[in-house]
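Enquirer: coordinates only, no sequence provided:
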């Protein structure tokens, strides 16, 4: 069954059938819409997306790019798809794009060379980058791709000054500043920071929030209280054990991901500490998993759903009009108080 066959059976033009299929119902009468749809249903007609993409020079496919699986310093294999933050973001992205007639194609890449080859050979209408970890020249690669392909690009969890790149981020410095001040205001003096922030701009912003809060309070930023573990569950367990075994008498800590905070609570328990009686823990992201723990996790909410929805609104605007008035958006954060912290006052 082809578009022409449907048009002949319905006694209308191929353009009318195309309008019905593509939802342009304002141009077609209700009776014609019903007639065309009944023929489509009767013959199980499915549009040939490949042929249509050649005709309209649009695939209606958006590429979502994440780093290829990596290994922690301890040799543990890490899949970014296991990260609840990544899966939550992809879930919202897919829903928003699907509701607007687009398809999502997910790809993991290891290097900038892989990225360049991918973007020059994919037939996509745009690209979304989650957790970009592709080296110091990543922004140069993005700028080159945008200049050469003119594709709309969305960048999460990294910053750029390029006005042609849509960039939605959260106030990361404020996030860890809030969590650290929260503990300080409740009498904690030995407060740890857990994340391997060096070389990672996003985590560095969060560390600077912690550092500022500690220095403002007069407590100072003790380098012995900085635990360089990556923000994963397994590394969180290792960090929790290390904190429990240390002689620093740490009573509170902040970290940069809920999944890491949950690992820290488990590691600390295995090391003999009680949460929050002996150790108060604050996570980051406010993912659904933070309410499944015992005790429930106090965390920084960066409103992941709003973050993804905002970016998709800008991407769809760029796809429709070729322009976005404000391509760079920074969303606010807030602390969500639950049960994993204790006041010492």
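Expert: That came through, no problem. Note that the structure is a prediction, hence the values are computed from the model and not measured. Residues are numbered from 1 along each chain as shown.
Enquirer: CA only for contacts and neighbour counts going forward, please
Expert: OK.
Enquirer: okay, now the residue nearest to residue 171 when sequence neighbours are not counted: neighbour count?
Expert: Of all residues not flanking residue 171 in the chain, residue 332 sits nearest, at 5.7 Å (CA to CA, 6 or more residues apart in numbering). A count of nearby residues for residue 332, using other CA atoms under 10 Å, gives 15.
Enquirer: residue 332 against residue 304, yeah?
Expert: No - in terms of CA atoms under 8 Å, residue 332 does not count as a neighbour of residue 304; the distance is 11.1 Å.
Enquirer: give the contact list for the residue nearest to residue 171.
Expert: Applying CA atoms under 8 Å, 6 or more residues apart in numbering to residue 332 gives the contacts 170-171, 302.
Enquirer: same check on residue 63?
Expert: 104-107, 124-128.
Enquirer: out of those, name the ones that lie in strands.
Expert: Among the contacts of residue 63, the ones falling in strands (DSSP state E) are 104-107, 126-128.
Enquirer: one step back: could you dump the contacts of residue 332 to JSON lines with secondary structure?
Expert: Shown next, in JSON lines, are the contacts of residue 332 (DSSP: H, G, I helix; E, B strand; the rest coil):
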{"residue": "170", "secondary structure": "strand"}
{"residue": "171", "secondary structure": "coil"}
{"residue": "302", "secondary structure": "coil"}
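Enquirer: burial count for the residue nearest to residue 341 when sequence neighbours are not counted?
Expert: Closest residue to residue 341 apart from its sequence neighbours, by CA to CA, 6+ apart: residue 280 at 4.2 Å. The number of residues packed near residue 280 is 24, by other CA under 10 Å.
Enquirer: mind listing the strands for the stretch 101-250 of the chain?
Expert: 103-109, 126-129, 153-156, 165-170, 191-194, 226-227 (DSSP state E, counting those that start in this stretch).
Enquirer: reformat those as a markdown table; add mean pLDDT, distance to residue 237 and mean neighbour count.
Expert: Below are the strands of the stretch 101-250 of the chain laid out as a markdown table (pLDDT from 0 to 100; distance: least, CA to CA, whole Å; neighbours: other CA atoms under 10 Å):
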| stretch | mean pLDDT | distance to residue 237 | mean neighbour count |
| --- | --- | --- | --- |
| strand 103-109 | 85 | 26 | 16 |
| strand 126-129 | 88 | 28 | 22 |
| strand 153-156 | 90 | 27 | 22 |
| strand 165-170 | 92 | 26 | 23 |
| strand 191-194 | 97 | 11 | 26 |
| strand 226-227 | 97 | 12 | 18 |
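Enquirer: just send these back as a markdown table, with distance to residue 7 too.
Expert: Below are these laid out as a markdown table (distance: least, CA to CA, whole Å):
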| stretch | distance to residue 7 |
| --- | --- |
| strand 103-109 | 27 |
| strand 126-129 | 32 |
| strand 153-156 | 38 |
| strand 165-170 | 41 |
| strand 191-194 | 64 |
| strand 226-227 | 67 |
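Enquirer: nearest to residue 39, of those strands?
Expert: strand 103-109 (25.3 Å; CA to CA).
Enquirer: from the contacts of residue 332, which is closest to residue 314?
Expert: Looking across those and measuring by CA to CA, the closest to residue 314 is residue 170, at 15.8 Å.
Enquirer: how close does residue 297 sit to residue 189?
Expert: 20 Å (CA to CA, to the nearest Å).
Enquirer: quick one: which of the two has more around it?
Expert: The neighbour count for residue 297 versus residue 189, taken as other CA under 10 Å, is higher for residue 297 (28 against 19).
Enquirer: which helix or strand contains the spatially most central residue of the chain?
Expert: The residue lying closest to the centre of the chain (CA atoms, centre = their mean) is residue 89, at 4.5 Å. In this assignment (DSSP states H and E), residue 89 forms part of helix 84-99.
Enquirer: what are the buried residues along that helix?
Expert: By neighbour count with 16 or more other CA atoms under 10 Å, helix 84-99 contains the buried residues 84-85, 88-90, 92-94, 96-97.
Enquirer: and the residues you listed, which two are furthest apart?
Expert: Counting by CA to CA, the most remote pair of the buried residues of helix 84-99 is 84 and 97, 19.9 Å apart.
Enquirer: hmm, back to that, ok, which of the strands of the stretch 101-250 of the chain comes nearest residue 310?
Expert: strand 165-170 (7.5 Å).
Enquirer: show me how far that closest one is from its chain's centre.
Expert: Averaging C-alpha positions (CA atoms, centre = their mean, to the nearest Å) puts strand 165-170 11 Å from its chain's average.
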